[in-house]
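J.: build me a structure from this.
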Amino acid sequence: MGECPPLLGNVTVFVGFTAAMRKNTYDASLRTLMCYLKTTNYTLLLIDLDKDPRVQRGCGNHSMLFYKKHCAVAMYLPETDWMLVLDADTGVVNPNHCIEEWIDDRVDVLLYERFFNWEVAAEPLENSCTGGDLHYHIQVKNSNFGIKFLREFAKYEFKTPGKSWHGNDQGGLMMLLLKLLVPDATNEFNVCQDYWEKATNYDTYMAAVVCVRAALGAERIWPKKADFMLHGWKGRSVREWDGPFEHDIDPNKCGSGFEGWWWRSEKKKSIEEIRQVNMLEEVEDQYRSDFPDQAKANGRPNQAVV
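T.: Sure thing, here's the model as predicted:
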């Protein structure tokens, strides 16, 4: 692996954390990211969301860590052309890639869809209503729309229904996408907002999600490659789980090419093997056949928007 040509300008990798999170949970994944960045020409921003002066000045009104991170990204975005925002528990498993491979310069913001329930993801499901860690993957362009998206996203902390099962910033993201992408869909927005405000558990919250997705439409793009980074990599050492490396990655020993990467030979698989072993297509088809039953409102499928 070597430097990636700046085909789309400067690319910055943003990782937000708190001191406790970084010390106790994310050392192993962050070391792989640092090793990868030593051989490329990307800029890394490791931002302490509790102590960073710029974040304190511009985002001090946020009490929810999720939304503070969105605000912090907006504060730093003007200094680069594209920003890849990662969770601190995201590690690199195959450094033979450039971030530009996943950038579509026809748009300003790239998000990913959860294959099991149609949500456009802001954070993992297990943390949706329980606080927890920061979970967030987005690629955003330094543009008027990119900055507006982040700022409006952060503001949803103050629009969150007080008593509903609202999904924290996950629910806010769904409503924001409908508002920004289909601004004339006032009736649809009001119906989806009503579902969101009245949600009492995961199933009734899913009615709001399906409502938004029905209004947005089903078009999506599959990135094809799935061997760059691994999400959900918690732990201080690779020895805490059956990971891809023989021992911990030391960024000080990383250099040109693949120096410092200690893969287990049995963990090297082709993209096709990964798809087959994980049965990705079969699992997605199963979820898509089962899921509508989870997204019923008032005992019937959500048909608010067609």
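
J.: tell me how many other residues crowd the nearest residue to C59 once chain neighbours are set aside.
T.: Distances taken as Cβ to Cβ, 6 or more residues apart in numbering put C71 closest to C59, at 3.7 Å, once the chain neighbours are dropped. Backbone N, C-alpha and C define where each C-beta goes, glycine included. By other Cβ atoms under 10 Å, the residues close to C71 number 21.

J.: which residues are in contact with C71?
T.: By Cβ atoms under 8 Å, 6 or more residues apart in numbering, the contact list for C71 reads V55, G58, C59, H62, L150, R151, A154.

J.: where along the stretch 151-300 of the chain do the strands fall?
T.: Taking DSSP state E, counting those that start in this stretch as the criterion, the stretch 151-300 of the chain carries its strands at 229-231, 296-297, 300-301.

J.: list the buried ones in the helix or strand where Q56 lies?
T.: If you go by DSSP states H and E, Q56 is part of helix 53-59. Neighbour counts over helix 53-59 (16 or more other Cβ atoms under 10 Å) mark V55, G58, C59 as buried.

J.: just give me how far the helix or strand just after it sits from the chain centre.
T.: Sequence-wise, the next helix or strand downstream of helix 53-59 (DSSP H and E) is helix 65-76. Chain-centre distance of helix 65-76: 13 Å, with Cα atoms, centre = their mean, to the nearest Å.

J.: so who does D48 touch?
T.: Applying Cβ under 8 Å, 6+ apart, we find D48 in contact with F17, T18, A19, V55.

J.: the third one: neighbour count?
T.: Spelled out, it's A19. Other residues near A19 come to 11 when the count uses other Cβ under 10 Å.

J.: from D27, how far off is it?
T.: 13 Å (Cβ to Cβ, to the nearest Å).

J.: equivalent analysis for N187, please.
T.: N187 is 49 Å from D27, where distance means Cβ to Cβ.

J.: neighbour-wise, which of those two wins?
T.: Between N187 and D27, counting by other Cβ under 10 Å, D27 is the more crowded of the two (16 against 11).

J.: what distance do you get for L30 to D250?
T.: Distance from L30 to D250, counting by Cβ to Cβ: 12 Å.

J.: comparing the two, which residue is more hemmed in?
T.: Neighbours were counted for L30 and for D250 using other Cβ under 10 Å; L30 has more, 23 against 12.

J.: before we move on, what SS does the residue lying closest to the more buried one once chain neighbours are set aside have?
T.: Leaving aside its sequence neighbours, L30 sits nearest to A88 (Cβ to Cβ, 6+ apart; 6.4 Å). Under the three-state scheme (DSSP: H, G, I helix; E, B strand; the rest coil), A88 adopts coil.

J.: can you tell me how far A88 sits from L33?
T.: Look at A88 and L33: by Cβ to Cβ, they are 9 Å apart.

J.: overlap in contacts, the two.
T.: Contacts common to A88 and L33, judged by Cβ under 8 Å, 6+ apart, are V15.

J.: okay, buried residues for the longest helix along the chain please.
T.: Longest helix in the chain by number of residues, with DSSP state H as the criterion: helix 202-216. Of all the residues in helix 202-216, those buried under the rule 16+ other Cβ under 10 Å are 202, 204-216.

J.: for stretch 16-35, list the C-alpha coordinates in CSV.
T.: Listed next in CSV are the C-alpha coordinates belonging to stretch 16-35 (Å, rounded to 0.1, in the frame of the first residue of the first chain):
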residue,chain,number,x,y,z
GLY,A,16,-14.5,11.3,17.8
PHE,A,17,-14.1,9.8,21.2
THR,A,18,-14.1,10.5,25.0
ALA,A,19,-11.1,9.7,27.2
ALA,A,20,-12.8,6.8,28.8
MET,A,21,-13.9,5.3,25.5
ARG,A,22,-10.4,5.4,24.0
LYS,A,23,-8.5,4.1,27.0
ASN,A,24,-10.8,1.2,27.8
THR,A,25,-12.3,0.0,24.5
TYR,A,26,-10.8,1.1,21.2
ASP,A,27,-7.0,0.7,21.3
ALA,A,28,-6.8,-2.3,19.0
SER,A,29,-8.9,-0.8,16.3
LEU,A,30,-7.3,2.6,16.4
ARG,A,31,-3.9,1.1,16.0
THR,A,32,-4.9,-0.5,12.7
LEU,A,33,-6.2,2.8,11.5
MET,A,34,-3.0,4.6,12.4
CYS,A,35,-1.0,2.0,10.7
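
J.: mean confidence (pLDDT) on that stretch, please.
T.: Averaged across stretch 16-35, the pLDDT comes to 79.
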